[in-house]
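Peer 1: Sharing a model prediction with you, sequence too.
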Amino acid sequence: MEKVELRFLRITYSHTHAGAYALILSEVHGDRRLPIIIGGVEAQAIAIQVENIKPARPLTHDLFKHVSDTLGFTLKEVIINDLVEGIFHAKLVVEQNGLEVEIDARSSDAIALALRFACPIYTYEFILGAAGLKVEESEEEPTEAEQKGKVEKKSGAATIEELRSMLEEALDNEDYERASKLRDEIKRREGTN
């Protein structure tokens, strides 16, 4: 089967599953999106990598990366290889000393690891055909400037000290997505971005 390359696009709240998130992958050479419903913990594991937040202690996916680096194996690619009763299945293609091994994984874990290893993410056409969504021009992503504007409106009245306090609180609550936005706003105001 021919593989279709995907890239991480974003994580958003799921409108159809209460308390869940939608991990959105985008076709690299096309206009289809693949939404995968994941839990809050999984979304957080992905978000802290995307936002480049360094937790005080390594999380599970970071630990896997450290073990990989220490033992000399690498994650070559991730393949979302099946869709069974609405649940995506994935496999990790791991390589060590020229030997490849495929390991079964949850799709959310596979994506979290792919982001840490900076390896390609693939799926098959039959999965995109069954679960992919074609994006209309009016549904395109807001620009980075538009997204920054939203954060600025929410935190625009706060002082830098208040922002730092909110950042500390977000980190204490392990709300890494909010923490990354606050961090970016502090950097912007300090001119260190």
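Peer 2: Perfect, I can see it now. Residues are numbered from 1 along each chain as shown.
Peer 1: three-state assignment of the residue at minimal distance from the centre of the chain?
Peer 2: Nearest to the mean C-alpha position of the chain, by Cα atoms, centre = their mean, lies I46 at 3.9 Å. Remark: I46 carries the secondary structure label helix [criterion: DSSP: H, G, I helix; E, B strand; the rest coil].
Peer 1: Just list the residues touching it, thanks.
Peer 2: Taking Cβ atoms under 8 Å, 6 or more residues apart in numbering, we find I46 in contact with 8, 11, 23, 38, 108, 111-112, 115. Just so you know, the C-beta spots here come from the backbone N, C-alpha and C atoms, and that holds for glycine as well.
Peer 1: ok, which stretches of this protein are helices?
Peer 2: Applying DSSP state H to the chain gives helices spanning 40-50, 60-71, 107-117, 125-131, 144-155, 160-172, 176-190.
Peer 1: Can you tell me which of those is nearest to L99?
Peer 2: helix 60-71 (13.0 Å; Cβ to Cβ).
Peer 1: relative orientation of that closest one and helix 40-50 in degrees?
Peer 2: 50 degrees (axes from the mean of the first three to the mean of the last three Cα atoms, to 10 degrees).
Peer 1: by contact count, what packs against helix 60-71?
Peer 2: The contact analysis (3 or more Cβ pairs under 8 Å, 6 or more residues apart in numbering; DSSP states H and E) places helix 60-71 against helix 40-50, helix 107-117.
Peer 1: Kindly indicate which of the contacts of I46 lies nearest I79.
Peer 2: The nearest member of the contacts of I46 to I79, counting by Cβ to Cβ, is I111 at 11.3 Å.
Peer 1: got the contact list for that closest one?
Peer 2: With Cβ under 8 Å, 6+ apart, I111 has these contacts: 8, 23, 25, 36, 46, 78, 90, 121.
Peer 1: Against K187, how distant is it?
Peer 2: 26 Å (Cβ to Cβ, to the nearest Å).
Peer 1: Could you pull up the contacting residues of R7?
Peer 2: With contact set as Cβ under 8 Å, 6+ apart, R7 has these partners: 25-26, 28, 121.
Peer 1: so it bridges to which residues?
Peer 2: Beta-bridge pairing for R7 (DSSP bridges): S26.
Peer 1: low-confidence ranges in this structure?
Peer 2: Residues of the chain meeting the criterion pLDDT under 70: 136-157, 172-176, 192-193.
Peer 1: Quickly list the domain ranges of it.
Peer 2: Here the domain parsing of the chain from automatic domain parsing is 3-139, 144-190.
Peer 1: Name the nearest residue to G19, sequence neighbours excluded.
Peer 2: Nearest non-adjacent residue to G19, counting by Cβ to Cβ, 6 or more residues apart in numbering: G40, 6.6 Å away.
Peer 1: and what of V101?
Peer 2: V94 (5.1 Å).
Peer 1: E102 and K91 touch, don't they?
Peer 2: Yes: with contacts counted by Cβ atoms under 8 Å, E102 reaches K91, the gap being 4.8 Å.
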